[in-house]
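[1] I need the structure of the sequence given here:
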Amino acid sequence: CSLPHPTDAPLCPQPGPPHAMEPNHKMCEMDVFDAAVDGATLLISLCGLVGNGAVLWLLGCRIRRNPVTVYVLNLAVADFTFLLFMLTYTLLNLLKDLSCSTLPISVKHLVSLLLPLLFAHNMGMYLLAAISIEKCVSILCPLWYRCRRPQHLSAVVCALGLLWVFSGSLVSFITFGAVAVAICVTFSSMMLISNLSLLIKLQRGFRRRHPEKLYVAVLINVIFFFVFAIPFSMEAFLNLAGGLQFLPEGTSLLLAMLNSSINPVIYFLVGCCRQRCSLRSVTAALRRVFEEKVTSEEGSPESEDQVAETTA
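    Numbering: from 1, shown residues only. Next up is the predicted model:
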């Protein structure tokens, strides 16, 4: 089923009065499509939790962070949080359907998960926008980026974004107004403009230099975000506004789950590019993405200290 409306609207069509009901054995029947979507959601969420957990472990314990990987680490936290709450939401919804509503699981319990879901989703949007702008500035203004960029800027941006996104998600959850649409449009526009600027710059002035693996991974992340996450954003905002939806029930949730689960796969595939990789070399592939030294146009690597981010 789709996201519940924050008011008293039921998550799924509720049975009518007892005298109008079919025989009891039909009351608990589940739609085949809903059951398939719930099963796929559970599988994708579990795989995504494992993948994002691996990224968290690697960036948190094994790799020295730089300005961009600080954002990537926080993005993995946001995706992990979204998948965790989505797994809980799907399990509760599934138990509610299978138990014929005999378990004490009401729409209020499901609605209580809507705010953290929206917050984690919006935080992922914000961090992707921050990563895109970071990479854009590093290429368009390389001198300032190497010499004048504040050392703890990434941590400050993440902390301010946490407060801003939470307050925006809370306001949109309570008022159901234009704030939610503004969040989506703002972050999406920032991602689109910064990545288009980077593509134009790389095509014109950096043809002798291979793009960094991390930049390629971020660019693919942004593309998949527009394909998978925007439908969830639009349906969530339409649902908040009036219980509307433009996709089959559960489809937007499934796409959002794919968006939050696919980032570790992208890192692995980009790290394996032009390399022989197997599932046993997942750590090595991720290291190639996150530890790749930035190479200047003349071919000399920058000092690691110039891009090191000492904050957690």
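
[2] Give the phi and psi angles for residue 150, as a check.
    Dihedral angles of residue 150 (phi, psi; degrees, to the nearest 10) stand at phi -60, psi 140.

[3] check which helix or strand covers the residue nearest to it when sequence neighbours are not counted.
    Using Cβ to Cβ, 6 or more residues apart in numbering and skipping the chain neighbours, the partner closest in space to residue 150 is residue 156 (7.5 Å). For every residue, glycine as well, the C-beta is placed using N, CA and C. Here residue 156, judged by DSSP states H and E, is contained in helix 153-175.

[4] as a whole number, average confidence for that helix?
    For helix 153-175, the mean pLDDT works out to 83.

[5] Identify each buried residue in that helix, please.
    Across helix 153-175, burial judged by 16 or more other Cβ atoms under 10 Å covers 154-155, 157-158, 161-162, 165-166, 168-169, 172-173.

[6] and those residues as TSV, adding distance to residue 192?
    Formatted as TSV, the buried residues of helix 153-175 follow (distance: Cβ to Cβ, whole Å):
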residue	distance to residue 192
154	22
155	26
157	19
158	21
161	18
162	23
165	19
166	24
168	19
169	21
172	21
173	26
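
[7] which of the residues you listed lies closest to residue 71?
    Residue 71 lies nearest to residue 154 out of those, by Cβ to Cβ, at 6.0 Å.

[8] surely that closest one meets residue 137?
    No: Residue 154 is not in contact with residue 137 according to Cβ atoms under 8 Å; the separation is 11.9 Å.

[9] For the helix or strand harbouring residue 216, which outside residues touch it?
    Residue 216 belongs to helix 213-224 when assigned by DSSP H and E. Here helix 213-224 makes contact (Cβ atoms under 8 Å, 6 or more residues apart in numbering) with 68-69, 72, 128, 131-132, 135, 191, 195, 198-199, 258-259, 262-263, 266-267, 270-271, 273, 288-290, 292.

[10] Could I have the buried ones of these as PyMOL selection syntax?
    Typed into PyMOL, the next command selects the buried ones out of those (criterion: 16+ other Cβ under 10 Å):
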select buried, resi 68+69+72+128+131+132+135+191+195+198+258+259+262+263+266+267+270+271+288+289+290+292
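
[11] hmm, back to that, pull out the buried positions in the very next helix or strand once past the helix holding residue 156.
    Later in the chain than helix 153-175, the nearest helix or strand by DSSP H and E is helix 178-205. For helix 178-205, burial by neighbour count (16+ other Cβ under 10 Å) applies to 179-181, 183-184, 187-188, 190-191, 194-195, 197-198, 202.

[12] Return the list of helices and strands in contact with helix 178-205.
    Under the contact criterion of 3 or more Cβ pairs under 8 Å, 6 or more residues apart in numbering; DSSP states H and E, helix 178-205 touches helix 114-140, helix 153-175, helix 213-224, helix 230-242.

[13] Export these as JSON lines, with columns for distance to residue 56.
    Listed next are these as JSON lines, based on distance: least, Cβ to Cβ, whole Å:
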{"stretch": "helix 114-140", "distance to residue 56": "14"}
{"stretch": "helix 153-175", "distance to residue 56": "14"}
{"stretch": "helix 213-224", "distance to residue 56": "16"}
{"stretch": "helix 230-242", "distance to residue 56": "22"}
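
[14] and the angle for the strand or helix carrying residue 78 with helix 213-224?
    For residue 78, the host element (DSSP H and E) is helix 67-98. Going by axes from the mean of the first three to the mean of the last three Cα atoms, to 10 degrees, helix 67-98 is angled at 40 degrees with respect to helix 213-224.

[15] Okay, angle between helix 67-98 and helix 114-140 too, please.
    160 degrees.

[16] Give the other helices and strands that helix 67-98 contacts.
    Judged by 3+ Cβ pairs under 8 Å, 6+ apart, helix 67-98 is in contact with helix 32-57, helix 107-111, helix 114-140, helix 153-175, helix 213-224, helix 251-272.

[17] by how many degrees do it and helix 251-272 diverge?
    Going by the same axes, to 10 degrees, helix 67-98 makes 140 degrees with helix 251-272.

[18] Could you tell me the angle between helix 67-98 and helix 32-57?
    If you take the same axes, to 10 degrees, helix 67-98 sits at 150 degrees to helix 32-57.

[19] what is the orientation angle of helix 67-98 with helix 153-175?
    Relative orientation of helix 67-98 versus helix 153-175 (the same axes, to 10 degrees): 30 degrees.

[20] ok, residue 257 touching residue 86?
    Yes: under the criterion of Cβ under 8 Å, residue 257 makes contact with residue 86 at 5.9 Å.

[21] residues shared between the contacts of the two?
    Contact criterion Cβ under 8 Å, 6+ apart; residues shared by residue 257 and residue 86: 41, 45.

[22] So what touches stretch 118-128?
    Here stretch 118-128 makes contact (Cβ under 8 Å, 6+ apart) with 71, 74-75, 78-79, 81-82, 85, 158, 161-162, 164-166, 168-170, 172-173, 180, 183-184, 187-188, 191, 218, 221-222, 225, 229, 232-233, 236, 256, 259-260.
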